[in-house]
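Chemist: build me a structure from this.
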Amino acid sequence: MSSIAVSRLSRPFCLQREVAKMPIPESKFNDWHGTGADKGSADARDKTRRALMSERSPLEQADEDYEVYLQGSYANTTHTRGSSDVDVVAKITSAWRSDLEELSEEEEERYNDDHDDADYDHRDFYDDVLTALRIKFGSSAVTPGNKAIKINKEKTSLLDVDVDVVACGEYRVYRTYPEGGDEDAEIDKGMHFMPQYDNDRVINFPKIHRENGREMHSNYKETVRIFKNARYYYNNHFDTLWTIDAHSYGIECLIYNVPESILKRTSRSDRFDETLSYLDNADFSTFDQVSEMESLFGDSNTQWSTDEADELITRLREMWDDWYSKRKNAQLFH
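Modeler: Prediction:
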């Protein structure tokens, strides 16, 4: 009778190979799932709002309707320890741009009969927002950026974090326009603005984005934070020459399209692994942004590249598979 013999000397080597293939441990995901600091962001948001809405503000003197609210990762509670600036929207609501493509000819004619061109529009509003911020924080701290007005915390003693203020107009997508006019119309409301350095208007729907995110499974937002932290970890602590370029908005939208059957998994490591597997085989042409007002992938200035999404999935899978062999000096940082 023959038998299969195994050298005792070979066993340590076999065990070593098995350890090398162990994935990212659950304890690391427990580090990655939480939010970053909130105190400084809430204070910055409140001070920015007060600056815009104070009696001295030209916005109050213009006697137009507007609103100020938080957007981005802080508003959606998907911010992480790496999150930096706070995003604030200042939007004029008494003047707007309209998308009437879904209206019948009769509805469109009725709409045009009911509305005139505004005397004060989003361009006047932008100038007043800039002035109001400079009155409060000082001219040296407040500078126009391409898409947002920047408030630099290093140049004002009033803020602990940088703030980006998007001064914009309301954007309305009319689904109906009945005889009752705007009060009875079905409208999806967003925002629009023209960047300072190009002529490609930006349109998005941050409030619908926020509402849809709230309706997702309770694990959705922490899964977004896990993937954002995993991206940061890969770029800063993993032994590789590659870099993940995926932006946070793209990651948030990507996870929005993951089925609830995966998001509800209690084990964060299992959820991470299954999410990567799902995304690796998914049909990206069916993926929406969180607002569901536009497809996630495409060529517009508010859509994302499938190449960057594929790179994110490939690199995070690499980190999952090679965690113990390539997490170069990782223990020094976390």
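Chemist: for the stretch 151-300 of the chain, what spans make up the strands?
Modeler: Along the stretch 151-300 of the chain, the segments classed as strands by DSSP state E, counting those that start in this stretch run 163-174, 187-193, 202-204.
Chemist: again with the stretch 1-150 of the chain
Modeler: Using DSSP E, counting those that start in this stretch, strands in the stretch 1-150 of the chain cover 66-71, 86-99, 142-144, 149-151.
Chemist: quick check: buried residues in the first one?
Modeler: What that stands for is strand 66-71. For strand 66-71, a neighbour-count test (16 or more other Cβ atoms under 10 Å) marks Y66, V68, L70, Q71 as buried. Heads up, the C-betas are built off the backbone N, CA and C, glycines and all.
Chemist: what sits against the last one?
Modeler: Shown here is Q71, whose contacts under the criterion Cβ atoms under 8 Å, 6 or more residues apart in numbering are D87, V88, V89, V166, P206, R210.
Chemist: closest one of these to R81?
Modeler: R81 has its nearest neighbour among the contacts of Q71 in D87, at 17.2 Å by Cβ to Cβ.
Chemist: beta partners for the closest one?
Modeler: Per DSSP bridges, the residues bridged to D87 are Q71, D164.
Chemist: would you confirm that it contacts G72?
Modeler: Yes - under the criterion of Cβ atoms under 8 Å, D87 makes contact with G72 at 3.5 Å.
Chemist: pick out whichever of these two has more residues nearby.
Modeler: G72 (23 against 19; other Cβ atoms under 10 Å).
Chemist: now do the contacts for that one.
Modeler: H79, V86, D87, P206.
Chemist: which of those tops the neighbour count?
Modeler: Most neighbours among those, by other Cβ under 10 Å: V86, with 28 neighbours.
Chemist: what sits against it?
Modeler: So V86 contacts S41, A44, R45, T48, L70, G72, Y74, V161, D162, V163, D164 (Cβ under 8 Å, 6+ apart).
Chemist: of these, grab the buried ones for ChimeraX.
Modeler: The ChimeraX command for the buried members of those (criterion: 16+ other Cβ under 10 Å) is given here:
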select :41,44,45,48,70,72,74,161,163,164
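Chemist: tally of neighbours for S305?
Modeler: So S305, with other Cβ under 10 Å, has 15 neighbours.
Chemist: could you give the number of residues near N152?
Modeler: Count around N152 with other Cβ under 10 Å applied: 16.
Chemist: what sits against the nearest residue to it once chain neighbours are set aside?
Modeler: Nearest residue to N152, sequence neighbours excluded (Cβ to Cβ, 6 or more residues apart in numbering): A141, at 5.1 Å. Going by Cβ under 8 Å, 6+ apart, A141 touches I151, N152, K155, T156.
Chemist: which one (most neighbours) among those?
Modeler: Neighbour-wise, the contacts of A141 (other Cβ under 10 Å) top out at I151, 29 neighbours.
Chemist: you'd agree it is up against L159?
Modeler: Yes - contact criterion Cβ under 8 Å: I151 and L159 qualify, at 6.4 Å.
Chemist: need the overlap of contacts for these two.
Modeler: Joint contacts of I151 and L159 (Cβ under 8 Å, 6+ apart) are F137.
Chemist: can you name the residues that contact the closest residue to R45 other than its chain neighbours?
Modeler: Nearest residue to R45, sequence neighbours excluded (Cβ to Cβ, 6+ apart): L70, at 5.2 Å. L70 makes contacts with S41, R45, V86, D87, V88, V89, as judged by Cβ under 8 Å, 6+ apart.
Chemist: give me that answer again for 7 Å
Modeler: Listed by Cβ atoms under 7 Å, 6 or more residues apart in numbering, the contact partners of L70 are R45, D87, V88.
Chemist: quick one: the first one and E179, what's the gap?
Modeler: It stands for R45. To E179, R45 is 40 Å away according to Cβ to Cβ, to the nearest Å.
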